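K.L.:
Okay, structure incoming, though there's no sequence with it:
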């Protein structure tokens, strides 16, 4: 199944059956009651949970995080809207990463918020990183397979990628900054994914940058695929 949301105009949460591609694809579910638009979603497969973030309801109400059950993958069930966790008000979540009920929330200007979502009615705040080197618009991130590093992109001119030590998840700490080795003022990282100690980062003007992150504090750029001829603005 393919799960989709849209952050433009009036939209919904959709589930599409793609088991028989390329011949057929069927829309099997659509929710226009709880979602008019959302910026992104993430699936925690191990916990059978779907998270949607940056949500706006048809009424116009903004919801930072929604938690859905995927016990029936063809029919998500909304479990809860999340506005605060243990006294920490969550203003907006732009993107997130979830695994085994641990949720990393990239909360824009509020920074990085980490929570244990195993009890959706009583989430537990695990970590908060609001002040850190070269902080900007906390846009997106990815947790490595070992669980000891979180890679973070701030969608702001001139901000480097952050490697965050989360071996003590209650005290996340930036331990290294890495860059695209280009215009230091115009470079803007956007989205990133980690696989097998390789970090893939898409940039506005610097294309696809690929970093070797196998060392604890010795990440280095391995490849660069330029995709834009635009000048930074």
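P.N.:
Received the coordinates, thanks. What you are looking at is a predicted structure, and each value in this text was computed from that prediction instead of being measured. Numbers count the residues shown, from 1 in each chain.
K.L.:
For the residue most central in space within the chain, give me its contacts.
P.N.:
The residue lying closest to the centre of the chain (CA atoms, centre = their mean) is residue 96, at 2.8 Å. By CB atoms under 8 Å, 6 or more residues apart in numbering, the contact set of residue 96 is 40, 42, 51, 53, 65, 103-106. Yep, even glycine has a C-beta here, placed from its N, CA and C like the rest.
K.L.:
Same question for residue 39.
P.N.:
5, 7, 53-55, 94-95.
K.L.:
Among those residues, name the buried ones.
P.N.:
Buried members of the contacts of residue 39, counted by 16 or more other CB atoms under 10 Å: 5, 53-55, 94-95.
K.L.:
any chance of these in TSV, plus secondary structure?
P.N.:
Shown next, in TSV, are these (DSSP: H, G, I helix; E, B strand; the rest coil):
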residue	secondary structure
5	coil
53	strand
54	strand
55	strand
94	coil
95	strand
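K.L.:
With distance to residue 209 added, can I get those residues in CSV?
P.N.:
CSV is the format used below for the buried ones among the contacts of residue 39 (distance: CB to CB, whole Å):
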residue, distance to residue 209
5, 27
53, 25
54, 25
55, 30
94, 20
95, 18
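K.L.:
in the lowest-mean-pLDDT helix or strand in the chain, what's buried?
P.N.:
Within the chain, confidence by mean pLDDT, DSSP states H and E is lowest for strand 220-225 among all helices and strands, at a mean of 88. Buried residues in strand 220-225, counted by 16+ other CB under 10 Å: none are found.
K.L.:
Identify all contacting residues around it.
P.N.:
178, 180-181, 198, 206-212.
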